[in-house]
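> here is the input, now give the coordinates:
(one chain, ligands or ions: 1)
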Amino acid sequence: MKVGLIGCGGMGTVHNLSLKELSKYYDIQVTAAADCREEFLNRAAGLWTGVQKFQYGKDLIEKSGVDVVHICVPSYLHGDLAIQAMEKGINVFVEKPVCLGREDCRRLLEMEKKTGVKIMVGQVVRCFEEYKFLKDVYDHKTYGKLKSIMMHRLSGDTTWGWEDWFHDINKSGSVILDLHVHDTDFLRYMIGEPDSYQVHAAKFKSGMPNQVVTTYEFGNVFAVVEGTWDISSKMPFEAYYRASFENATVVFSSLHDPHVSIYHQDGTVTSPDLKPEYDVEDDLAGINISSLGAYYTEIKYFVECIINQKPIKVASLSEGVKSVLLILGELSEAMK
Ligand SMILES: NC(=O)c1ccc[n+]([C@@H]2O[C@H](COP(=O)([O-])OP(=O)(O)OC[C@H]3O[C@@H](n4cnc5c(N)ncnc54)[C@H](O)[C@@H]3O)[C@@H](O)[C@H]2O)c1
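Numbering: from 1, shown residues only. Below is the predicted model of the structure:
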C-alpha cells in the first residue's frame, strides 16, 4: 500500500513515525510526502527510501499515484484536500477536526457517498487506553450507572504551528475546534448526543477563545468539560477525567502515575493495568505529545480496515462531522 503524507510538521511526524513502525508488520510504505517547508519535507522523506517530494498536498494527490493519504496540514486545509483525494479514489486519513465549516461537512459526506473510498478522522481519544477503559466500564456498568463526568484538556499556548495558524480563528477554529473537540467527540462516542449544553468562554487579547467550559446534559447525566490553551506556553499539558459512577469514581490524569485510579465505595483504591500496544516516547514531533501509543493504534486500525476491506467504525467521517457540527454550535455561543 502506497501512502502519501501531506503535512510533515508536528502531527505529520507522529503519523510518519507510526507508519514506519507499522511497515514492519504490514505491506505499507510512504512513497510520497508534501510540505511547503523544505526542511520538514526532507526530514520526513529521510525516514524512507525513494520518496517523491512535493511542496503542496494538492500536487501530491494529483501526481503521486498513492493508495492512501494522511492529511496532517493545518485544519482549514483539511476539507478541500480530503475532497480532492476522495475524488481521485484515494483513501483518506484526515486529522481532527475533520473540517471547520458546515458546508465542508456537507461536501465531505457527499463525496464519501459518491466515491465509496475509506475515510477516517483522527479523533484519537477514542483509541487511548484510558478512555477505552472508561467506555468499557460505562458500557458494562461495571461500577453501576454513570452519574456525572468532569473532563479537561489543558495545554500551554501553541507555539509550534506553521505561520502561527493556531492563533487565527479562521485557520484553527480556536481552542474549541482544535482541542475541546477531543473530549466532546469522546463523550458523544460513549454516551451519545447531549440533550442540551451551556457554554462559557474566555478569550485571548485578540478576541479568539482560549478557554471554554461546556456543561452538557445527557438525560440524568451531566458533564462539565474544559478546553484551554493557556496564555503561557510553559503550562504542562494535562488530559483529565473524573467519572462518578454509582459504586466508584474513576479518575484519569495524564500527569498522574498511575494514570487511572478507581476509588471504590468501600474505601479501597485500585488501578487497572493499561498499556498502549506501542509504547514509544519520541519528542521529534516537537508538540505536546510524548507517546505514540494511541496514534499507532488508530493508524493500525485504519490500515487493517483498508487491507481487510472492512468499514471504518471507530472514527468514521460521519462521526467526525457530527462532532464538528456540535462544536460549531458551541463556538457560536462562545462568540456571543
Ligand atoms: N490528533 C491529535 O492529537 C492532534 C494533535 C496535534 C495536531 N493535530 C492536528 O493535526 C493537524 C496539523 O497540526 P500540526 O500541529 O502538525 O501543525 P504544524 O503547523 O506543526 O504542521 C503543519 C504542516 O503543514 C505544512 N503545510 C501547510 N500547508 C501545506 C500544504 N498546502 N501542503 C503541504 N504542506 C502544508 C506546514 O509547512 C507544516 O509543516 C491540525 O489539523 C491539528 O488540529 C491533531
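> and the residue in the chain positioned nearest to the ligand, how close does it get to Asp59?
Closest contact between the chain and the ligand, by C-beta to the nearest ligand atom, is at Gly9 (2.0 Å). (Glycine included, C-beta is placed from N, CA and C.) Distance of Gly9 to Asp59, computed by C-beta to C-beta, to the nearest Å: 18 Å.
> higher neighbour count, these two?
Using other C-beta atoms under 10 Å as the criterion, Gly9 and Asp59 rank with Gly9 on top: 21 against 14.
> who's in contact with the residue of the chain closest to the ligand?
By C-beta atoms under 8 Å, 6 or more residues apart in numbering, the contact list for Gly9 reads Asp35, Arg37, Phe40, Cys72, Trp160, Gly161, Trp162.
> got phi/psi on it?
phi -90, psi -140 (degrees, to the nearest 10).
> tell me the pLDDT at it?
At Gly9, the pLDDT value in this model is 95.
> then Gln29?
At Gln29, pLDDT is 98.
> what do you get for Tyr278?
77.
> you'd agree it is up against Glu298?
No - using C-beta atoms under 8 Å, Tyr278 is not in contact with Glu298, being 11.1 Å away.
> of these two, which one has the most company?
Under the criterion of other C-beta under 10 Å, the comparison of Tyr278 against Glu298 puts Glu298 first, with 24 against 18.
> what residues does the closest residue to the more buried one other than its chain neighbours make contact with?
Among residues not flanking Glu298 along the chain, Cys127 sits closest, at 4.3 Å (C-beta to C-beta, 6 or more residues apart in numbering). Contact analysis of Cys127 by C-beta under 8 Å, 6+ apart lists Ala294, Tyr295, Thr297, Glu298, Tyr301, Val314, Ala315.
> Cys127 and Met120, how far apart?
Cys127 sits 11 Å away from Met120, going by C-beta to C-beta.
> surely Leu292 touches Glu21?
Yes - judged on C-beta under 8 Å, Leu292 makes contact with Glu21 at a distance of 7.5 Å.
> which one's more surrounded, those two?
Applying other C-beta under 10 Å to Leu292 and Glu21 shows that Leu292 carries more neighbours, namely 22 against 15.
> give me every residue in the stretch 101-250 of the chain lying close to the ligand.
Contacts of the stretch 101-250 of the chain with the ligand, taken as C-beta under 6 Å from any ligand atom, map to Gly122, Val124, Trp160, Gly161, Trp162, Asp178.
> tell me how far the fourth one lies from Glu130.
So the one you mean is Gly161. Using C-beta to C-beta, Gly161 is found at 26 Å from Glu130.
> okay, these two: which has more neighbours?
Between Gly161 and Glu130, counting by other C-beta under 10 Å, Glu130 is the more crowded of the two (20 against 17).
> looks to me like that one is in a strand.
No - Glu130 is assigned helix when assessed by DSSP: H, G, I helix; E, B strand; the rest coil, not a strand.
> hang on, the earlier thing: between the contacts of Gly9, which is closest to Thr214?
Gly161 (24.0 Å; C-beta to C-beta).
> surely the closest one meets Ser75?
No - contact between Gly161 and Ser75 fails when scored by C-beta under 8 Å: they sit 10.2 Å apart.
> what residues are shared contacts of these two?
With C-beta under 8 Å, 6+ apart, Gly161 and Ser75 have common neighbours Ser172.
> so what sits against both of Cys127 and Met120?
Counting by C-beta under 8 Å, 6+ apart, the residues touching both Cys127 and Met120 are Glu298, Tyr301, Val314, Ala315.
> widest-spaced pair of those residues?
Using C-beta to C-beta, the pair of the shared contacts of Cys127 and Met120 lying farthest apart is Tyr301 and Ala315, separated by 8.5 Å.
> who has more neighbours out of these two?
It is Ala315, of Tyr301 and Ala315, that has more neighbours when counted by other C-beta under 10 Å, with 26 against 17.
> quick one: the closest residue to that one other than its chain neighbours from Phe186, how far?
Leaving out its chain neighbours, the residue that sits closest to Ala315 by C-beta to C-beta, 6+ apart is Gln123, at 4.3 Å. Counting by C-beta to C-beta, the separation of Gln123 from Phe186 is 8 Å.
> before we move on, what about Gln52?
For Gln52, the distance to Phe186 - C-beta to C-beta - is 36 Å.
> between these two, which is the more surrounded one?
For Gln52 and Phe186, the more surrounded residue by other C-beta under 10 Å is Phe186, and the numbers stand at 23 against 18.
> let me see the contact set for the more buried one.
Residues in contact with Phe186 (C-beta under 8 Å, 6+ apart) are Gln123, Val125, Arg126, Tyr131, Met151.
> can you do 6 Å?
By C-beta atoms under 6 Å, 6 or more residues apart in numbering, the residues touching Phe186 are Val125, Tyr131.
> give me the mean pLDDT for the helix or strand where it lies.
Assessed by DSSP states H and E, Phe186 sits inside helix 181-190. Mean pLDDT, helix 181-190: 98.
> buried stuff in it?
Neighbour-count burial for helix 181-190, counted by 16 or more other C-beta atoms under 10 Å, picks out Val181, His182, Asp183, Thr184, Asp185, Phe186, Leu187, Arg188, Tyr189, Met190.
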